[in-house]
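Undergrad: Prediction below, plus the sequence it came from.
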Amino acid sequence: MTEQAGAAKIYPAQFWLVCVSSLMFFASFNMIIPELPGYLTSLGGADYKGLIISLFTITAMASRPISGKLTDSVGRVPIMMTGSIVCVICSACYPILTGIIGFFLLRFVHGFSTGFTPTGQTTYLSDIIPAKRRGEAMGFLGTAGTVGMAGGPALGGAITNQISLEAMFYCSSLFALTSVGILIGIKETAKNKKRFSYKMLKVEKHDLFEPRVWVPCFVMALCAFSFGALYTVIPDFGEHVGIRNKGLLFTYFTVASLLVRFLGGKASDYYGRAQVLQLSTLLLTAAMIIIGFSETAFMLSAGVFIYGLAHGATSPTLLAWATDLSDENHKGRGLASLYIFMELGIGLGAFISGIVYANEASHFLPTFLFCALLSGSAFLYLISKKKQFKRVIYEG
């Protein structure tokens with residue numbers, strides 16, 4: 001078998017279609033994020049900026065047990081499509097519901113999109129890719145999402161500046177609709193697929209968390225706190241140091257993440273999940289310290305870029321590790337558990353950073369030093385437990 005034929009067998013066409021769909025999905029909801037703090041301020045809600053990300057993530061977190069359960073029962077594809085459809089509707093409604101209450105209602109509902117689509121995507125990937133290439137495949141999927149995250153904010157900022165904020169929201173909705181269209185015709189992979197019934201929406205105690213994936217979940221929560229803080233505070237921080245297009249900082253972050261996602265995931269297949277995470281959490285801690293002490297546009301951009309490198313290695317490695325540890329018949333629940341802790345970390349990061357920052361430029365430093373404390377704790381935890389984490393290397 002030739003190398004090209006072997007690669008095609010490992011990564012079939014449906015894998016790449018899911019990756020493209022992921023790109024469009026992440027571009028859709030990241031496109032609007034840099035503009036939301038200013039939009040909320042224009043509505044009279046400047047004091048509630050911390051809720052922009054935290055409310056979104058609370059909904060996503062609350063929907064994870066349901067999405068994990070439905071992914072294992074109804075199927076991977078319907079769950080992917082559900083999240084994207086929610087994104088289509090919410091993005092189109094932002095220009096219509098222009099009050100503060102309407103704004104936060106949309107943020108609440110919009111959170112369901114990230115509660116469903118990524119769970120279906122990663123579970124689908126684990127079905128069609130062999131375990132020995134799982135980290136690498138998570139890197140590819142993450143890279144596709146990162147391309148969307150990189151282009152989305154800059155595109156959203158450009159559309160807002162050149163056309164209008166309303167046009168940007170409608171463009172976001174169109175991107176999500178394209179994500180749905182790509183999924184049409186994707187072959188389902190769930191082995192024991194069942195017809196949907198409303199009884200499936202009832203969440204039992206065992207649906208809430210998969211104990212097998214506790215370690216990656218704990219590390220995820222500590223690291224994700226920084227992500228929530230970054231998305232909440234960085235737009236104002238960028239403006240403070242003279243960066244007019246707030247989407248550029250998010251682009252620096254996602255481009256850096258893009259550069260290492262594939263390599264980080266592949267390295268975790270070879271060297272082990274915990275070993276890669278020790279390096280990435282240390283780098284994340286350094287990035288938070290640099291951002292906190294930033295006084296110029298260059299220094300802030302450099303800190304955000306370094307954070308992107310750390311995040312790019314951390315994310316696919318944790319996803320692969322959670323998949324490794326999950327029960328074969330409940331992979332959706334295992335991955336949903338990881339996402340729950342991710343949303344918990346992001347939500348707390350957004351909410352607490354909003355309180356600490358309190359629209360005071362002098363509070364940028366303590367906000368990001370606290371993030372450094374948590375990510376540093378993740379590094380120390382992994383180091384202290386390294387004897388318990390056996391290196392996992394998949395033979396070809």
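TA: Looks like it arrived, so ask away.
Undergrad: Look up which helix or strand the closest residue to Gly345 other than its chain neighbours falls in, please.
TA: Among residues not flanking Gly345 along the chain, Ala224 sits closest, at 2.9 Å (C-beta to C-beta, 6 or more residues apart in numbering). Quick note: C-beta positions are derived from backbone N, CA and C, even for glycine. Assessed by DSSP states H and E, Ala224 sits inside helix 214-240.
Undergrad: Show me which positions of that helix end up buried.
TA: 215-238 (16 or more other C-beta atoms under 10 Å).
Undergrad: what does stretch 148-164 give?
TA: Applying 16+ other C-beta under 10 Å to stretch 148-164 flags 148-157, 159-160 as buried.
Undergrad: Return the subset of the residues you listed lying in strands.
TA: Among the buried residues of stretch 148-164, the subset assigned to strands under DSSP state E is empty.
Undergrad: and which of those is nearest Asn192?
TA: Gly148 (31.6 Å; C-beta to C-beta).
Undergrad: Now for the closest one: which residues touch it?
TA: By C-beta atoms under 8 Å, 6 or more residues apart in numbering, the residues touching Gly148 are 22-28, 30.
Undergrad: hmm, which two among those residues are most spread apart?
TA: Taking C-beta to C-beta as the measure, the contacts of Gly148 span a maximum distance of 11.8 Å, between Ser22 and Asn30.
Undergrad: Could you report the separation of the residue nearest to Gly345 from Thr119?
TA: If you measure Ala224 against Thr119 using C-beta to C-beta, to the nearest Å, the figure is 16 Å.
Undergrad: likewise Cys217?
TA: Distance from Cys217 to Thr119, by C-beta to C-beta: 14 Å.
Undergrad: now do Met299
TA: 37 Å.
Undergrad: so Gly120 is in which element?
TA: Going by DSSP H and E, Gly120 is part of helix 100-128.
Undergrad: need the helices for the protein, in chain order.
TA: For the chain, applying DSSP state H gives helices covering 3-10, 13-32, 36-42, 50-73, 76-93, 100-128, 134-162, 165-183, 214-240, 247-271, 273-292, 297-325, 331-357, 364-384.
Undergrad: any idea of the angle the last one forms with helix 273-292?
TA: In other words, helix 364-384. 160 degrees (axes from the mean of the first three to the mean of the last three C-alpha atoms, to 10 degrees).
Undergrad: and helix 364-384, which residues are buried?
TA: 364, 367-368, 370-372, 374-379, 381-382.
Undergrad: Appreciated, that's everything.
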